[in-house]
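Peer 1: I'd like to go over a predicted model; first the sequence, then the structure.
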2 protein chains.
Amino acid sequence: MNTPAHTVTTGPLPASRKIYVPGQLHPIRVPLREIALSNEPALSVYDSSGPYTDPTAQIDVARGLPDLRGDWIAARGDTTEYAGRAVTDADNGFATGDRLTPAFPHQRAPLRATDGAVTQMAYARAGIVTAEMEFAAIRENEGRLAAHSRDGDPMGATLPDLVTPEFVRDEIAAGRAIIPANINHRELEPMVIGRNFLVKINANIGNSAVTSSMAEEVEKMVWAIRWGADTVMDLSTGRNIHNIRDWIIRNAPVPIGTVPLYQALEKVDGIAENLTWEVFRDTLIEQAEQGVDYFTIHAGVRLHMVPMTAKRVTGIVSRGGSIMAKWCLHHHRESFLYEHFDEICDIARAYDVSFSLGDGLRPGSIADANDAAQFAELETLGELTKIAWAKDCQVMIEGPGHVPMHKIKANMDEQIEHCQDAPFYTLGPLTTDIAPGYDHITSAIGAAMIGWFGTAMLCYVTPKEHLGLPDRDDVKTGVITYKLAAHAADLAKGHPGAQRRDDAISRARFEFRWEDQFNLGLDPDTAREMHDETMPKEAHKVAHFCSMCGPKFCSMKISHDIRAEAERASGMERMAEKFREGGELYVPAKEPAE
Amino acid sequence: MNTPAHTVTTGPLPASRKIYVPGQLHPIRVPLREIALSNEPALSVYDSSGPYTDPTAQIDVARGLPDLRGDWIAARGDTTEYAGRAVTDADNGFATGDRLTPAFPHQRAPLRATDGAVTQMAYARAGIVTAEMEFAAIRENEGRLAAHSRDGDPMGATLPDLVTPEFVRDEIAAGRAIIPANINHRELEPMVIGRNFLVKINANIGNSAVTSSMAEEVEKMVWAIRWGADTVMDLSTGRNIHNIRDWIIRNAPVPIGTVPLYQALEKVDGIAENLTWEVFRDTLIEQAEQGVDYFTIHAGVRLHMVPMTAKRVTGIVSRGGSIMAKWCLHHHRESFLYEHFDEICDIARAYDVSFSLGDGLRPGSIADANDAAQFAELETLGELTKIAWAKDCQVMIEGPGHVPMHKIKANMDEQIEHCQDAPFYTLGPLTTDIAPGYDHITSAIGAAMIGWFGTAMLCYVTPKEHLGLPDRDDVKTGVITYKLAAHAADLAKGHPGAQRRDDAISRARFEFRWEDQFNLGLDPDTAREMHDETMPKEAHKVAHFCSMCGPKFCSMKISHDIRAEAERASGMERMAEKFREGGELYVPAKEPAE
């Protein structure tokens, strides 16, 4: 039998400490990461890592994280505790004995809405600013108290100087943003996804029938959020799906997304044709009770769209999309997801599970980008968005995929038009097909661009894409790659405050504060290792050069010499003024600076 | 004493063989790489790797590559062999004994123009289609004989269906393209750089005072071109610069670029103020005689621009730029490079050394992007371009650096305007500063975009940027990353034929031809290794799934099931037609496909 994992990674990132900003409206404390610098005030940054990076937190994977939201939810007085659905053998793929991942030891009775919707959208529309909204708002400001200079092209986004809880409420009420926060995921530190907020990233984890275990998956989740994943999707297939998911959610401070169809398919032995609405419905309730924060629902793949994929180079590349296409074709019936979408909404609103409307017909190759099948589905997703909104359900829309650069903008434009500004959530897109092993990079190019254009969340791609299941190292590479792409997008949009970190690292670089440069980077460990490969000594950490150019050719060192010389010669600025006046410019210094 | 390296990497890439396409106008044979596929005709692709990947070639680093161009040059009858400048101790930084890299054993007397210009531009303007032009033209077509369907936004580029030698001539005559091809680099396989051709990439190598040897640098060059570097810059500093360069050029089938200022600075003991025109001039001749194909000349950094950098966050980050700024400021004199640019052109035209006009004031941080200093220099580079063109010298223009996404386009637009469509050659640009250790990726985003917008050559950035001297692994990562960025740009521009390789790999992917998928990728070895981590068996190479999703969840497998089912049900296309006619759609299959 698998032993519960106690081996998750804990402890702060280098030179970092966890700080907590109190709420004004609610009794909340919002975590930020503060990076200490050697000769500047500390820089605070967004922190998705949860209690794992707080050395004072008691981490016990077998107990799960503390119940953060229980009181907030109880205070709203609109939910009821109930016995919940009994776990069946089918939920874990009939795994038994040694092959069965043990159940999470501390089970809580689930909550559901007493009546009507308990979604953040319902509250927002009712004018209520929830604790979740305030929590998310405070995070967005990254500890800033004031506006910062702006420099960017927001491409139509509305970016306030400081994000207020009321701004979050308004965005959610309008459907332009979501806070994925199932009432049964009480361990959650809420966050917001929308075009008018910082660009977020998602990391996929999950075992497959071929490889990996619960302990590995919990650690992958902790590892992914340590490096900056804002949400995590558990895409497990095979056996033990139910129990692995429980372990993940109970230990997750970030929203957890799933594709319920995967588990439903396991329940019918992997035979797509045998799927039924009843099995699917049961799976939704099972997962909603566990606390899944968002469901990918491939309800946009409709019967009449399947033939549109016949001439494609790579057919249907979404797992959920292909399963539904097969079902539709086999039964020559309309998708049961599409037909029962109203009922799906009724489940979602009772637990506040957000929708991630899946792009089952996304292109899987450059050749198939922006084709009729893809855009037909997108229009349907727009229809479904309206149905969900009518039930106060929160919605985001999934997007491609594989798209060459010149076709990326159209994806964003079509999505905004058809889906009425519901948040867009894209996978990459990959901008070429020819670099297996490097698809984190082919896709980071597309991700940064579409993030700039307005995509709210970027689903990471790891180096293993198309080749195998990512391991822990791949997860880190994928997360860091997507953090830098999302940040490049924030900079280009002109998100106020985004450039603080770039400027801080650039100052550190110019002043040869190597430790600060490492610590301000997205991956301090790797930066330090790379530097130390050739210059490992402590003394090198204050050296005014590195091994790239050596001491005589360091342009930054020479820049300092220039400034020093200019200072001696009475100041660069005064020299510049003199120059503008047309006078004699510079008094030569007596001695060479070297 | 260093022993001459005989350890360079040779042999074909997986499933690949070297083919040679004969010229029509000249007795040339142009290398291409042909990738064998299991059930399709072989795909031919551009091949920068030189004889090293031809198993029939005799590789002996101590002899250098064969003299490919000697006859072409002799046939033009416009050059004279002469004794050449004697190598001085200063040329190798006064290295002696064990510290002296041995001279390349087979020295040839240099050639220079008997009179006037022997540049490709001079020939082009005279209406002459040289062997170099035909060679470059044939490469561009990658073995295609016919037009391919186009899909892209060329952003103003003119992309013919097939590149003819005459098209190359016309582009060079107009200054829109260059063929860097020093008459003393006879080992060169010529290639063309310009907005209307495939996007090229450059890899920087070179020792620094702190680390690495001649043998390592020769191998880095061979390694870089193996993975696709189109040109290589030798940025060596410290001792042995002359001799290391000789070893590199004699073994290089690609154009070699240098920054002559680095060696000139070594000759004056690293004291920028002690630089003189005479020392610099002597260095230009030294390197021109060796066969350097292009010189980075930082003649655009002028005295009055230096104060413009005073308020920058990261000052001057170009090594050459900072050296010249220091010189100007110290002497409070105009740059000797600017003042002697006419004489520099006289040297360049006598050997056909192309110019890469250096952007000494490029931004080194997001904060400094697109500032007054940067654009002032760019205007000056436009002036210098006209001076060079008046002397029939070939010119490209260097560009940034660190630029957030929303400011990238302006760089291209300004460059085209001020530099009259001379090819642009950019470093990245990096789209954020916060990811040291991952700057190959932060910059690949900017590189792909600016490549699409019209940049002709992208200078790679390795993971070690800002941290240390790249080693062999870093060189490969940098090259592959930039190849994929350049290819993404070619796709977005709609370069005819660019999508052939994407389509071939996508077909292989859809058909589970794993070996073909690996072999068509930019890095077959890494793709194969990643796949084999979890599925190492030979049988897995034909498996209809990988460990990412496992057998039941492979969307591509399911897509095939769908198509098979549709075929049985009388064809997907007919079904689609029936649907359009509004009839009953599908005949249910009798048995589930699984």
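Peer 2: Yep, it's here.
Peer 1: what residues does the stretch 51-200 of chain A put near chain B?
Peer 2: A:151-153 (C-beta under 8 Å from any C-beta of the partner chain). C-beta here means a position set from N, CA and C on the backbone, and glycine is covered the same way.
Peer 1: hmm, 7 Å instead?
Peer 2: Contact residues (C-beta under 7 Å from any C-beta of the partner chain) of the stretch 51-200 of chain A with chain B: A:152-153.
Peer 1: list the contacts for A:Val222?
Peer 2: Contacts for A:Val222 were tallied using C-beta atoms under 7 Å, 6 or more residues apart in numbering or on different chains; they are A:8-9, A:52.
Peer 1: scratch that, A:Phe518
Peer 2: Here A:Phe518 is in contact with A:14, A:524, A:527-528 (C-beta under 7 Å, 6+ apart).
Peer 1: which two from those end up farthest apart in space?
Peer 2: Pairwise distances across these (C-beta to C-beta) peak at 9.8 Å, for the pair A:Pro14 and A:Ala527.
Peer 1: So which of those two has more stuff around it?
Peer 2: Ranked by neighbour count (other C-beta atoms under 10 Å in any protein chain shown), A:Pro14 and A:Ala527 place A:Ala527 first, with 27 against 15.
Peer 1: pretty sure that one is in a helix, no?
Peer 2: Yes - applying DSSP: H, G, I helix; E, B strand; the rest coil, one finds A:Ala527 inside a helix.
Peer 1: how about the helices of the stretch 1-150 of chain A, start to end?
Peer 2: Secondary structure of the stretch 1-150 of chain A (DSSP state H, counting those that start in this stretch): helices located at A:70-76, A:120-125, A:131-140.
Peer 1: circling back: JSON lines for the contacts of A:Phe518, including pLDDT and distance to B:Val129?
Peer 2: Formatted as JSON lines, those follow (pLDDT from 0 to 100; distance: C-beta to C-beta, whole Å):
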{"residue": "A:Pro14", "pLDDT": "97", "distance to B:Val129": "60"}
{"residue": "A:Pro524", "pLDDT": "98", "distance to B:Val129": "55"}
{"residue": "A:Ala527", "pLDDT": "97", "distance to B:Val129": "50"}
{"residue": "A:Arg528", "pLDDT": "96", "distance to B:Val129": "54"}
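Peer 1: filter the residues you listed down to the ones close to chain B.
Peer 2: Of the residues in the contacts of A:Phe518, proximity to chain B by C-beta under 7 Å from any C-beta holds for A:Ala527.
Peer 1: now, among the contacts of A:Phe518, which is nearest to A:Thr431?
Peer 2: Using C-beta to C-beta, the contacts of A:Phe518 come closest to A:Thr431 at A:Ala527, 26.2 Å.
Peer 1: if I pick the closest one, what's in contact with it?
Peer 2: When contacts are counted by C-beta under 7 Å, 6+ apart, A:Ala527 touches A:518, A:521, B:436-437, B:467.
Peer 1: can you put the residues you listed in JSON lines and add pLDDT, secondary structure and distance to B:Ile249?
Peer 2: Shown next, in JSON lines, are those (pLDDT from 0 to 100; DSSP: H, G, I helix; E, B strand; the rest coil; distance: C-beta to C-beta, whole Å):
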{"residue": "A:Phe518", "pLDDT": "97", "secondary structure": "helix", "distance to B:Ile249": "37"}
{"residue": "A:Gly521", "pLDDT": "98", "secondary structure": "coil", "distance to B:Ile249": "37"}
{"residue": "B:Pro436", "pLDDT": "98", "secondary structure": "coil", "distance to B:Ile249": "32"}
{"residue": "B:Gly437", "pLDDT": "98", "secondary structure": "coil", "distance to B:Ile249": "32"}
{"residue": "B:Leu467", "pLDDT": "94", "secondary structure": "coil", "distance to B:Ile249": "28"}
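Peer 1: ok, then the element right after the helix or strand where A:Val218 lies?
Peer 2: Per DSSP states H and E, A:Val218 falls inside helix A:214-226. Where DSSP H and E defines the elements, the next helix or strand beyond helix A:214-226 is strand A:231-234.
Peer 1: and that next one, what's its mean pLDDT?
Peer 2: Averaging pLDDT along strand A:231-234 gives 98.
Peer 1: How about that strand and chain B, any contact?
Peer 2: No - shown here: strand A:231-234 not in contact with chain B (C-beta under 7 Å from any C-beta), separated by at least 13.5 Å.
Peer 1: Point out where chain A drops to low pLDDT.
Peer 2: Counting by pLDDT under 70, chain A has low-confidence residues at A:1-6, A:208-212, A:569-594.
Peer 1: Please identify the buried residues of the longest helix along chain A?
Peer 2: In chain A, with assignment by DSSP state H, the single longest helix is helix A:472-493. Residues of helix A:472-493 classed as buried: A:474-493 (neighbour count, 16 or more other C-beta atoms under 10 Å in any protein chain shown).
Peer 1: Deepest-packed of the helices of the stretch 1-150 of chain A, please.
Peer 2: Highest mean neighbour count of the helices of the stretch 1-150 of chain A: helix A:131-140, a mean of 25 (counted as mean count of other C-beta atoms under 10 Å in any protein chain shown).
Peer 1: returning to that earlier point: orientation of the longest helix of chain A relative to helix A:214-226 in degrees?
Peer 2: In terms of direction (axes from the mean of the first three to the mean of the last three C-alpha atoms, to 10 degrees), helix A:472-493 departs from helix A:214-226 by 20 degrees.
Peer 1: following helix A:472-493, which helix or strand comes up?
Peer 2: helix A:499-510.
Peer 1: helix, strand or coil for the residue positioned nearest the centre of chain A?
Peer 2: Geometric centre of chain A, nearest residue: A:Ile201, 2.4 Å, by C-alpha atoms, centre = their mean. Secondary structure assignment for A:Ile201 (three-state DSSP): strand.
Peer 1: where's the residue lying closest to it once chain neighbours are set aside relative to B:Lys407, distance?
Peer 2: Closest residue to A:Ile201 apart from its sequence neighbours, by C-beta to C-beta, 6 or more residues apart in numbering or on different chains: A:Tyr482 at 4.2 Å. Counting by C-beta to C-beta, to the nearest Å, the gap from A:Tyr482 to B:Lys407 is 22 Å.
Peer 1: State the number of residues packed around A:Asp269.
Peer 2: By other C-beta under 10 Å, the residues close to A:Asp269 number 12.
Peer 1: any idea which element it lies in?
Peer 2: Following DSSP H and E, there is no helix or strand that holds A:Asp269.
Peer 1: what's the span of stretch A:297-305 from first residue to last?
Peer 2: Taking C-alpha to C-alpha, to the nearest Å, stretch A:297-305 runs 16 Å from one end to the other.
Peer 1: What residues of it count as buried?
Peer 2: Here stretch A:297-305 shows A:297-303, A:305 as buried, counting by 16+ other C-beta under 10 Å.
Peer 1: Out of these, which sit inside strands?
Peer 2: Per DSSP state E, strands hold the following members of these: A:Ile297.
Peer 1: filter the buried residues of stretch A:297-305 down to the ones near chain B?
Peer 2: For chain B, the contacts drawn from those by C-beta under 7 Å from any C-beta are A:Leu303.
Peer 1: could I get the buried residues of stretch A:297-305 as JSON lines with distance to B:Phe510?
Peer 2: Converted to JSON lines, these look like this (distance: C-beta to C-beta, whole Å):
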{"residue": "A:Ile297", "distance to B:Phe510": "26"}
{"residue": "A:His298", "distance to B:Phe510": "20"}
{"residue": "A:Ala299", "distance to B:Phe510": "25"}
{"residue": "A:Gly300", "distance to B:Phe510": "22"}
{"residue": "A:Val301", "distance to B:Phe510": "18"}
{"residue": "A:Arg302", "distance to B:Phe510": "23"}
{"residue": "A:Leu303", "distance to B:Phe510": "22"}
{"residue": "A:Met305", "distance to B:Phe510": "19"}
